[in-house]
Each structure stands twice: as structure tokens, then as C-alpha cells.
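*Asks:* My questions are about this predicted structure, shown below with the sequence.
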Amino acid sequence: MKTTFFQFFAILTLASLLMQGCHKEPQSAEPISQSDETVYTLKAAQLVADINKFKQKLTTMHKNPTLKSGEVMGTEEACWNIETLFNVTYGFPDLNYSKTITDTALVYLPVDASGNALLEDVVTLYEEILGIITNFYLATNFDEKGFLFMQLKTGEMINGQLEILVRSVTGEQRSTPTEPQEWNPFEDNEEWWYGELYGKCDHDPLYFGTDAAKKIEFYLNTKRPLPPSPPTGFRYIYVDHEDILKYGHEYIDNEGNYLIFFIEREDGNFSHDEKCLNNEELNFHYHGQRKVIYNIIPEEMNKPNNWKFVNCELTGELTSITLQDISYCIRHKNKLTYAYRYLVPVSEIPLPVEL
């Protein structure tokens with residue numbers, strides 16, 4: 001009888017702890033002022049509360065693995081909770097990285113007819129993702145490395161399970177000197193093939209595996225502005241990671257030059273000179289990309305000051321396109337990742353730990 005009573009009491013206690021965390025899906029895209037980047041705002045405090053509610057639920061479930069709470073969670077909220085807690089726990093986005101590797105995997109979350117998931121299944125998914133990304137991280141062959149961030153993107157519903165794409169980004173750490181803002185990374189007589197990982201313009205096999213797109217990507221990630229050191233007892237967190245895709249033709253300067261590398265031909269016959277970028281062209285597109293990343297995109301999307309560039313992936317490719325008519329182009333396709341940065345107390349969100 002006593003055993004039955006205590007089991008019943010434990011279930012009620014667990015349900016009470018878990019239901020305290022029920023809340024609407026967190027939204028963190030509210031505009032903030034410039035000063036809010038360096039102070040602990042009400043918005044940041046709400047984010048801290050959301051993160052810690054979910055963290056408490058994980059802790060409670062771990063301590064009581066056989067108990068069933070009956071709590072359900074919307075799939076968008078579940079993905080937000082998993083992604084955000086994971087990134088603030090293991091992510092080091094503010095280190096200096098010269099190279100990044102992206103790994104992906106598919107996972108599945110059981111959902112009911114209303115599109116909700118049981119809390120127990122959400123917790124199980126978190127642990128599965130932790131194992132997957134840890135294996136990705138350990139397999140990355142960098143001497144000095146750091147985990148930047150992960151993203152979850154929902155896909156199709158298959159036999160009562162939601163397909164979720166996991167994207168994990170690991171970087172090679174690198175300390176670099178501070179150059180002037182107008183510093184040109186590409187030296188005289190330096191030439192790189194536009195893409196296809198064909199290396200330099202003479203196609204020396206020694207340089208296969210990289211190209212002009214990857215070299216520009218390297219410098220954009222290496223020279224990403226890092227935030228000032230947070231006040232004592234505080235840290236930064238990044239939430240709501242967002243990918244912006246650009247295809248090269250979107251932006252031109254006052255003289256009609258594409259800021260991102262892009263050349264179009266109706267017949268697809270591109271000359272050697274068009275595919276080979278010299279140092280002047282490489283430096284032009286490096287600075288053009290920076291203008292797109294730090295000025296044009298945040299302004300045209302009307303983003304607040306705490307929406308920050310985190311990482312980029314550039315791919316040099318030859319492909320067919322349809323703008324006005326069907327034609328062909330060589331271009332640097334961009335995947336630009338941004339996130340919202342907030343200052344939070346370390347007492348509430350501890351410093352991240354290595355995977």
C-alpha cells in the first residue's frame with residue numbers, strides 16, 4: 001500500500017514540475033535597440049526562462065525515466081527547445097574559425113494526429129541528436145576545433161513520424177592578426193578557378209579540393225567580427241539560426257558589377273579568363289560579399305542590431321538558370337547563416353562545454 005501511495009505521489013509531483021513549463025512557442029525576433037546588445041534585457045530574461053524550463057524537464061525525465069508525464073509539445077516548439085538548449089550548452093560560435101565542416105543526419109519524432117509530440121519522445125530525440133553530433137565532432141580531423149552550432153529543419157510526415165534534418169557545423173580554430181578594414185587577402189598574381197574544387201587556374205593537382213569560392217569563404221569566416229568581451233558574470237547566446245540563400249545575381253554596384261561572383265551566358269560557353277579569377281577580382285568579390293553580409297541583407301530584411309552573421313558556405317558552380325530566359329551561369333552560391341545574439345548571466349545559462 002505504501003509503495004502504491006509513493007508511486008502515485010511521485011507521478012503527481014513529476015506532472016506538476018513538467019506542466020509548469022508549458023508555454024507558447026518562444027519568439028525571439030523582436031526588434032531591440034543598439035544598447036540592448038550589451039545589457040541584460042527583458043527579452044533575454046524570457047529566453048533564459050524558456051531555455052531553463054525545457055532543461056528542467058530533461059533533468060526531471062532523466063531522474064524518473066519510467067514515469068510518463070502525459071505532456072505534449074508542438075513540433076515547432078520541440079525543435080526550438082532542442083536546438084536552443086543544445087547550442088547554448090555546447091556551442092562556441094565566438095571563437096575564430098578558419099574552416100568549417102557541415103554534417104547532416106535525419107532523425108524522426110513520433111507525433112499524434114494533432115501534430116504534437118510526447119515530452120518523453122522529445123527528450124529521447126534530444127539524446128539521440130546529442131549522440132549523433134558528438135560522433136560528428138569527434139570524427140572531424142582538426143587539431144584545434146570547436147562546435148559552432150546546429151540547426152533542425154522539419155520535413156515530411158512519414159507513418160506518424162516527423163522527419164527532421166539535423167545540420168551540425170564544426171570549425172577549425174585559428175588565431176589571426178587584426179588587419180585594416182580594407183585589407184585585401186589575395187596577393188598579386190594570385191589566381192583561383194571559380195569553383196568545382198579545381199584549385200588554381202593551372203589545375204595543379206596539389207591545390208585540388210579548393211577553389212575561388214572556398215578561398216573567399218575562408219576569409220569571410222576567418223575575418224568575422226567577434227563581439228566585445230561580455231561583462232563579468234555574463235555570456236552571449238545565439239538563438240533562432242537562419243539560413244539566407246543568395247545565388248550571385250541579386251546585387252550590383254554603381255558600375256553594374258556583381259558583388260557576388262556571377263557571369264551569365266546563353267550558350268554556356270565560358271572562357272578560361274571568365275572562369276579564372278585574378279587577385280583583383282578575388283579581392284573585389286571578397287569585399288562585395290562583406291557588403292552583402294553586413295550591410296545589404298540586414299538592411300533589406302529590416303533586422304535588429306543583434307541579428308548577427310555566424311557562418312557562410314560558398315559553392316562555385318556552373319548551372320542553368322531562368323531569369324528572363326533560360327541560360328547558363330557560373331556563380332558563387334551563398335548559404336549565409338545568421339542568429340540573434342543576447343547577453344545573459346552565467347548564473348542562469350552556464351558557459352558552454354566541449355562535446
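*Replies:* Thanks, I have it. Numbering: from 1, shown residues only.
*Asks:* Which parts of the stretch 101-250 of the chain are strands?
*Replies:* Secondary structure of the stretch 101-250 of the chain (DSSP state E, counting those that start in this stretch): strands located at 116-118, 145-158, 161-173, 192-193, 234-246.
*Asks:* Please save the CA atoms from the third one in PDB.
*Replies:* The C-alpha coordinates for strand 161-173 follow below in PDB (Å, rounded to 0.1, in the frame of the first residue of the first chain):
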ATOM      1  CA  GLN A 161       6.800  10.400 -37.600                       C
ATOM      2  CA  LEU A 162       8.100  13.900 -38.400                       C
ATOM      3  CA  GLU A 163      11.300  13.800 -40.500                       C
ATOM      4  CA  ILE A 164      13.900  16.300 -39.100                       C
ATOM      5  CA  LEU A 165      17.100  17.300 -40.800                       C
ATOM      6  CA  VAL A 166      20.000  17.900 -38.300                       C
ATOM      7  CA  ARG A 167      22.700  20.200 -39.600                       C
ATOM      8  CA  SER A 168      25.900  20.400 -37.500                       C
ATOM      9  CA  VAL A 169      28.800  22.800 -38.000                       C
ATOM     10  CA  THR A 170      32.300  22.200 -36.600                       C
ATOM     11  CA  GLY A 171      35.200  24.600 -37.100                       C
ATOM     12  CA  GLU A 172      38.900  24.600 -37.100                       C
ATOM     13  CA  GLN A 173      40.100  27.200 -34.600                       C
END
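*Asks:* Quick check: mean pLDDT of that strand?
*Replies:* Averaged over strand 161-173, pLDDT sits at 96.
*Asks:* and that strand, how far from the chain's centre?
*Replies:* With C-alpha atoms, centre = their mean, to the nearest Å as the basis, strand 161-173 stands 9 Å off its chain's centre.
*Asks:* And the last one, by the same measure?
*Replies:* For strand 234-246, the separation from the chain centroid amounts to 6 Å (computed by C-alpha atoms, centre = their mean).
*Asks:* just the strands of the stretch 101-250 of the chain: most buried one?
*Replies:* Scoring those by mean neighbour count under mean count of other C-beta atoms under 10 Å gives strand 192-193 as the most buried, with a mean of 24. Glycine gets a C-beta too; all of them are placed from N, C-alpha and C.
*Asks:* Could you pull up the mean pLDDT of it?
*Replies:* Computed over strand 192-193, the mean pLDDT rounds to 98.
*Asks:* same for it, what does it pack against?
*Replies:* helix 212-222, strand 276-277 (3 or more C-beta pairs under 8 Å, 6 or more residues apart in numbering; DSSP states H and E).
*Asks:* Make a markdown table out of the strands of the stretch 101-250 of the chain and add distance to Ile321.
*Replies:* Shown next, in a markdown table, are the strands of the stretch 101-250 of the chain (distance: least, C-beta to C-beta, whole Å):
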| stretch | distance to Ile321 |
| --- | --- |
| strand 116-118 | 40 |
| strand 145-158 | 25 |
| strand 161-173 | 25 |
| strand 192-193 | 20 |
| strand 234-246 | 13 |
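*Asks:* I appreciate the help and will end here.
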